[in-house]
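Student: structure, please.
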Amino acid sequence: MKPEEKSWVVGLGEILWDVFPDGKRLGGAPANFAFHARRQGCDGIVVSAVGTDASGAEISAFLERKKLPALLARVPEPTGTVTVSTDSDGVASYVFAENCAWDNIPFSAETENIARRSAAVCFGSLAQRDSRSRATVQRFLESVPASALRVFDINLRQNFYTAETIETSLAHCSILKLNENEAPILAGLLGINPCSREDFFAALFEKFPALRIIVLTLGKAGSAVAGRDGVRSEMPADARIRVVDTVGAGDAFTAGFVAALLHGADVATAHRRAAEIAGFVCSRAGAMPED
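Tutor: Numbering: from 1, shown residues only. Now for the predicted structure:
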């Protein structure tokens, strides 16, 4: 199949180097998402930007080795980095460099072509911290087919988000993915005061008509999925998994869920597949482990 004929599953936004005490690894939720979507049989692709520096060239070479297609604009700003540390439970924390290449993703004719041929796009709030990339994300979402899955993996980091950006993104998305720490922050930003998880889901569905599915990950407690049509799915975490680190596990979960839906699975089956993939990633070091 020619590239222009593919139904792309797009990871849109930041791409960078995760800098650990023992070295660096490719990072950024969009690349992780696209990688795992591709592993699940989809035409995964990354859309982002890198600098004209050596680090940008290294990212391009890394993606080629992984056989992961990418549209990476080369811009004057430096290729992004984030310093990553993990606690005794393997849970990661991040410190991001600012004014990076991925803050300046341009919207080009090639970007628009990918958007118009997308079956799904996953985007977050982090890549929208700068006005240029934020405009590109919004234009991309406006260009995808009406049938495409528009997945907002909210990914709240540091202070790199505003209520306006969050609300605009929610108005565009059909699937919202968030974790247990992000849920109360989102509720506060939107002025929602839920008495229960069901109240929270109901308030989101009422406020955002385009939203069809909410995916909530709960760490060691597992995950929950809610559909506008009343479908509910809850799944405990697999206690047999020995967690090495959680870097990229949420992105793998999202990719597994989206890929399963695109392959025709129902919500409960997609949820189960997503949990399996995330569990595997937790049991390995890094965000892109090989099977």
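
Student: please enumerate the helices of the stretch 101-250 of the chain.
Tutor: Along the stretch 101-250 of the chain, counting by DSSP state H, counting those that start in this stretch, helices occupy 109-116, 131-143, 163-172, 182-190, 197-207, 249-262.

Student: indicate which one of those is closest to Ala274.
Tutor: Checking the helices of the stretch 101-250 of the chain against Ala274 by C-beta to C-beta gives helix 249-262 as the closest, at 3.8 Å. Where C-beta positions appear, they are placed from N, C-alpha and C, glycine not excepted.

Student: now the element after the closest one, going C-ward?
Tutor: Using DSSP states H and E, the helix or strand that follows helix 249-262 towards the C-terminus is helix 267-282.

Student: just the angle for that following helix relative to helix 249-262, thanks.
Tutor: 150 degrees (axes from the mean of the first three to the mean of the last three C-alpha atoms, to 10 degrees).

Student: need the outlier residue of this structure, farthest from its centre.
Tutor: Cys195 (27.9 Å; C-alpha atoms, centre = their mean).

Student: any idea which of the helices of the stretch 101-250 of the chain is most buried?
Tutor: helix 249-262 (a mean of 26; mean count of other C-beta atoms under 10 Å).

Student: return the distance of that helix from the chain's centre.
Tutor: Centroid separation for helix 249-262 versus its chain: 9 Å, with C-alpha atoms, centre = their mean, to the nearest Å.

Student: distance of the residue nearest to Ala57 when sequence neighbours are not counted from Gln128?
Tutor: In this structure, Ala57 finds its nearest non-sequential neighbour in Val50, 8.0 Å apart by C-beta to C-beta, 6 or more residues apart in numbering. Separation of Val50 from Gln128 (C-beta to C-beta, to the nearest Å): 18 Å.

Student: and Phe107, how many neighbours does it have?
Tutor: Phe107 has 19 neighbours, counted by other C-beta atoms under 10 Å.

Student: who are the contact partners of it?
Tutor: With contacts defined as C-beta atoms under 8 Å, 6 or more residues apart in numbering, Phe107 is in contact with 135-136, 139-140.

Student: any chance of those in a markdown table, plus pLDDT and distance to Phe205?
Tutor: Below are the contacts of Phe107 laid out as a markdown table (pLDDT from 0 to 100; distance: C-beta to C-beta, whole Å):
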| residue | pLDDT | distance to Phe205 |
| --- | --- | --- |
| Ala135 | 98 | 28 |
| Thr136 | 98 | 28 |
| Arg139 | 98 | 26 |
| Phe140 | 98 | 24 |
